[in-house]
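Engineer: Following is a predicted model, sequence given first.
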Amino acid sequence: MVNASISGDTTSGGRTRLPTLLAQHPDIVVLELGANDALRGLPLSMTRDNLDAMAKAAKASGAKVVITGMQLPPNYGRQYGDAFAALFASVAKAEGAALVPFLLKGVADVPQAESLFQADRIHPIAAAHRTILDNVWPAIEPLLKR
């Protein structure tokens, strides 16, 4: 397993870095990008295009793809938030990728959720990791058996 994440990275940054990572011939690629795009108010069409291009490139390299969805706090507006959340499922469906609908389910959407985040209220603390694993594992485990 290679964790190629960079804190603060956008889908544009991930798309730029992906070809070098695919040269390592991964069996599974987990795309967990997009939240920083939204936090910056970037166009959703750009995020969707970047995720789509990354999923296509990963599949073309022979990797199985998992896309992890995110959601936004309500202060971004319902229309933008709903469209943002929906784009992950849209890309996963179009590319035949596995989908984790909301990476932070059970973390960001629970009472006293702030207790599961660092002071920045964006990044989860270690106490949330088990819940995140429980969200992601059902999408990854079947890919390991193929």
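Structural biologist: Sure, I can see it. Numbering: from 1, shown residues only.
Engineer: buried ones in the lowest-mean-pLDDT helix or strand in the chain?
Structural biologist: Across the helices and strands of the chain, mean confidence by mean pLDDT, DSSP states H and E is lowest for helix 35-39: a mean of 94. Using 16 or more other CB atoms under 10 Å as the test for burial, helix 35-39 gives 35-38. (Each C-beta comes from the backbone N, C-alpha and C, glycine too.)
Engineer: and the residue lying closest to Ile67 once chain neighbours are set aside, how many neighbours?
Structural biologist: Nearest residue to Ile67, sequence neighbours excluded (CB to CB, 6 or more residues apart in numbering): Ala92, at 4.5 Å. Using other CB atoms under 10 Å, Ala92 has 24 other residues around it.
Engineer: Mean confidence (pLDDT) on the helix or strand harbouring Ala92, please.
Structural biologist: Assigned by DSSP states H and E, Ala92 falls within helix 78-95. For helix 78-95, mean pLDDT is 96.
Engineer: Need the contact partners of that helix.
Structural biologist: Here helix 78-95 makes contact (CB atoms under 8 Å, 6 or more residues apart in numbering) with 34, 38, 44, 47-48, 51-52, 55-56, 59, 65, 67-74, 76, 97-99, 101-102.
Engineer: need the contact list for the spatially most central residue of the chain.
Structural biologist: By CA atoms, centre = their mean, the chain has its centre lying nearest to Glu32, at 2.4 Å. Residues near Glu32 by CB under 8 Å, 6+ apart: 5, 68, 103.
Engineer: any idea how far Asp49 is from the first one?
Structural biologist: What it means is Ser5. Distance, Ser5 to Asp49, using CB to CB, to the nearest Å: 20 Å.
Engineer: Who has more neighbours out of the two?
Structural biologist: Ranked by neighbour count (other CB under 10 Å), Ser5 and Asp49 place Asp49 first, with 16 against 11.
Engineer: Give me the pLDDT value at that one.
Structural biologist: With respect to pLDDT, Asp49 scores 98.
Engineer: Surely it is within a helix?
Structural biologist: Yes - Asp49 forms part of a helix when assessed by DSSP: H, G, I helix; E, B strand; the rest coil.
Engineer: From Thr11, how far out is it?
Structural biologist: From Asp49 across to Thr11, the span is 8 Å (CB to CB).
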